[in-house]
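Asks: no sequence for this one, just the structure:
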């Protein structure tokens, strides 16, 4: 931890530095908002959670930075939500011990571990699923010591974290998507949301795949370009024969069947039912006879193979590891 502590002790001062050749950044808050323009009133196009490695593309006025996410999605983030790194410090971060917060239940970084109940512990920061922190999971202990991207230190519950390389090296199992997604049932919809706190439709599919180390494209229309087409109902209403071809974990894409434009995505559960974020994360049916039938036209049912998922793995993404 000595190398990690030194690195992130320096990072704490980076946002105030002048003249440094910054190339990358890490969000320092649990969820940082990406906007279409460098101003708070602009449309929120996406979000990134704490510790997500970003490429810096352009410095704007008022402390804003245009960034690119690991999947190449671009937007503006206010600089006080970022720790800025030059090439050397970013390489050190990539080579340092790190953990992935795997627990989808909202949690915290605690200032100490003295109290017996978590509710009584002083807090350093809130957390959400997908956060990456410097540190090593405790071996048999209750807490793991961590360092946040801006240098703050604290502790997280050991059961909520896994080594980053283990998270990234997971095998993609489509049948796990419905299980992960179901744990977000009732979570509110938010345009541009890609965190466990609130999410849009493609945000839900994205964070569920991310929990298995797979980095899906950001938008539903982009996600509809990957995988193999299983069904494509002519009039937007799948028949029972078509529904029978689907497997749990297939992605369902909805939109205008006349133009073919995709504007919504969900995750197939089985038995004609699927889960998606529409108002909130909830379950609906593909069958018109069902009381919870989702009336939008189904354009495609697509399946992501293990081979294609491997090409989207964080383990092969150059922003996560210096290989």
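Replies: Structure received. Here the structure is a predicted model, which is why all the values come from computation and not from measurement. Numbers count the residues shown, from 1 in each chain.
Asks: now stretch 23-41: mean pLDDT?
Replies: For stretch 23-41, mean pLDDT is 98.
Asks: oops, could you answer that again for stretch 172-180 instead?
Replies: 96.
Asks: give me the distance between the two termini of that stretch.
Replies: Across stretch 172-180, the terminal residues are separated by 13 Å (C-alpha to C-alpha, to the nearest Å).
Asks: what comes into contact with it?
Replies: Here stretch 172-180 makes contact (C-beta atoms under 8 Å, 6 or more residues apart in numbering) with 104, 205, 208-209, 211-214, 247-250, 267-270, 275, 303-304, 306, 309-310, 313. Using the backbone N, CA and C atoms, a C-beta is placed for each residue, glycine as well.
Asks: could you redo the last one with a cut-off of 7 Å?
Replies: When contacts are defined by C-beta atoms under 7 Å, 6 or more residues apart in numbering, stretch 172-180 is touched by residues 208-209, 211-212, 214, 247-250, 267, 269, 275, 303-304, 306, 309.
Asks: between those, which sits nearest residue 322?
Replies: residue 214 (20.5 Å; C-beta to C-beta).
Asks: tally of neighbours for that closest one?
Replies: Residues near residue 214, counting by other C-beta atoms under 10 Å, number 22.
Asks: okay but it is in contact with residue 310, surely?
Replies: No. Judged on C-beta atoms under 7 Å, residue 214 makes no contact with residue 310 at a distance of 8.5 Å.
Asks: ChimeraX command to pick out the buried ones of the contacts of stretch 172-180?
Replies: In ChimeraX, a selection of the buried entries from the contacts of stretch 172-180 looks like this (16 or more other C-beta atoms under 10 Å):
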select :208,209,211,212,214,248,249,250,267,269,275,303,304,309
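Asks: residue 157: which of the contacts of stretch 172-180 is nearest?
Replies: Of the contacts of stretch 172-180, the one sitting nearest to residue 157 (C-beta to C-beta) turns out to be residue 211, at 17.0 Å.
Asks: quick check: phi and psi at the closest one.
Replies: Phi and psi for residue 211, reported as degrees, to the nearest 10, are phi -70, psi -20.
Asks: element containing the residue lying closest to it once chain neighbours are set aside?
Replies: Spatially, and ignoring its direct neighbours in sequence, residue 211 is nearest to residue 180 (5.4 Å; C-beta to C-beta, 6 or more residues apart in numbering). Counting by DSSP states H and E, the element that carries residue 180 is helix 176-182.
Asks: parallel or antiparallel, which strands does the following helix or strand past that helix pair with?
Replies: Downstream of helix 176-182, the next assigned helix or strand under DSSP H and E is strand 194-195. Take DSSP bridges as the rule and strand 194-195 pairs in its sheet with strand 198-199 (antiparallel).
Asks: what mean pLDDT does the partner strand have?
Replies: Rounded mean pLDDT across strand 198-199 is 97.
Asks: and the next helix or strand past it?
Replies: Later in the chain than strand 198-199, the nearest helix or strand by DSSP H and E is helix 201-210.
Asks: give me the contacts around that next one.
Replies: So helix 201-210 is contacted by 129-130, 177, 180-181, 184, 193-196, 199, 216, 218-220, 223, 251, 264-267, 276-278, 281 (C-beta under 7 Å, 6+ apart).
Asks: three-state assignment of residue 62?
Replies: Following DSSP: H, G, I helix; E, B strand; the rest coil, residue 62 is assigned to helix.
Asks: among the contacts of stretch 172-180, which pair sits farthest apart?
Replies: Across these, the two lying at the largest distance from each other (C-beta to C-beta) are 275 and 306, at 21.9 Å.
Asks: so what's the residue count around the nearest residue to residue 103 once chain neighbours are set aside?
Replies: Leaving aside its chain neighbours, residue 103 sits nearest to residue 160 (3.7 Å; criterion: C-beta to C-beta, 6+ apart). Look at residue 160: counted by other C-beta under 10 Å, it has 21 neighbours.
Asks: residues contacting residue 113?
Replies: 143, 155 are the contacts of residue 113 under C-beta under 7 Å, 6+ apart.
Asks: dihedrals phi and psi, residue 91?
Replies: According to degrees, to the nearest 10, residue 91 has phi -60, psi -40.
Asks: with that, I have no additional questions.
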